[in-house]
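Asks: mind looking at a prediction? Sequence and model below.
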Amino acid sequence: MLPHCQRIFNNHKAVSPQALLHMKQRPIIQSLDDDFSDAEIRSALRQMKNNKAPGSNGVPIEALKAMNDTNFEIVREYLRKFWNGEVDYDEWHSGTGTPIPKTTNPDDPNKFRIINLMDVASKLFSKIMTARAQLLMAKYGTTYQFGATPDVGCQDGSFVLHTATHLRHCCIRGSGESI
């Protein structure tokens, strides 16, 4: 299982920083650089699902949801310091990979999916960042972005892709030409 996971999770692709020069610059939304508001943090907490396995520190999301005001301020300060680059928490950059069998009779590593159990505070940070990114997607994104758009998932994207493939196949077969 270990060689299989190492191959999957260490698959690094070459990236060209020059590609950034070809991207259209959008107007800056200065408010996206603000510290996280209490409302943003509380909204993200409400959206996080209960009864999920915690990261290696054992703190479940229910603990963060049950915080009193004093503890909320402490967590907000952790988030603020990380956001402003004042600290970096090592445990926010790693997780515990746990194999879950896809079938009742798994006999090879490809019949498992790996879930990554991460620190819930890092998940809270990611949830807030995703909400901010959605503001950008709503303003500048495409309606064809499926996997990362709330209430739109892979099935929607698969349907569009399947339909487009079917139409292309019909056109090729019907006219003898590709489109």
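Replies: Received, thanks.

Asks: report the contact partners of the residue nearest to residue 91 when sequence neighbours are not counted.
Replies: Of all residues not flanking residue 91 in the chain, residue 119 sits nearest, at 4.9 Å (CB to CB, 6 or more residues apart in numbering). All C-beta spots, glycine's among them, are computed from the backbone N, C-alpha and C. Residue 119 is in contact with 55-57, 59, 89, 91-92, 95, counting by CB atoms under 8 Å, 6 or more residues apart in numbering.

Asks: if we use 6 Å, what do you get?
Replies: Contacts of residue 119 were listed using CB atoms under 6 Å, 6 or more residues apart in numbering, and they are 55, 57, 91-92.

Asks: what's the PyMOL line that selects buried ones from those?
Replies: Typed into PyMOL, the line below selects the buried ones among the contacts of residue 119, using 16 or more other CB atoms under 10 Å:
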select buried, resi 55+92
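
Asks: could the contacts of residue 119 go into a markdown table alongside pLDDT and secondary structure?
Replies: Converted to a markdown table, the contacts of residue 119 look like this (pLDDT from 0 to 100; DSSP: H, G, I helix; E, B strand; the rest coil):
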| residue | pLDDT | secondary structure |
| --- | --- | --- |
| 55 | 86 | coil |
| 57 | 87 | coil |
| 91 | 88 | helix |
| 92 | 88 | helix |
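
Asks: farthest pair within the contacts of residue 119?
Replies: 57 and 92 (10.8 Å; CB to CB).

Asks: residue ranges in the protein under the pLDDT threshold?
Replies: 143-179 (pLDDT under 70).

Asks: buried residues, stretch 84-97. List them.
Replies: Residues 92, 95 are the ones in stretch 84-97 that count as buried (16+ other CB under 10 Å).

Asks: and it, how far from the chain's centre?
Replies: Stretch 84-97 sits 15 Å away from the centroid of its parent chain (CA atoms, centre = their mean, to the nearest Å).

Asks: and the contacts of that stretch?
Replies: So stretch 84-97 is contacted by 56, 81, 114, 116-119, 122 (CB under 6 Å, 6+ apart).

Asks: break the protein into its domains for me.
Replies: If you go by automatic domain parsing, the domain ranges for the chain are 35-141, 143-179.
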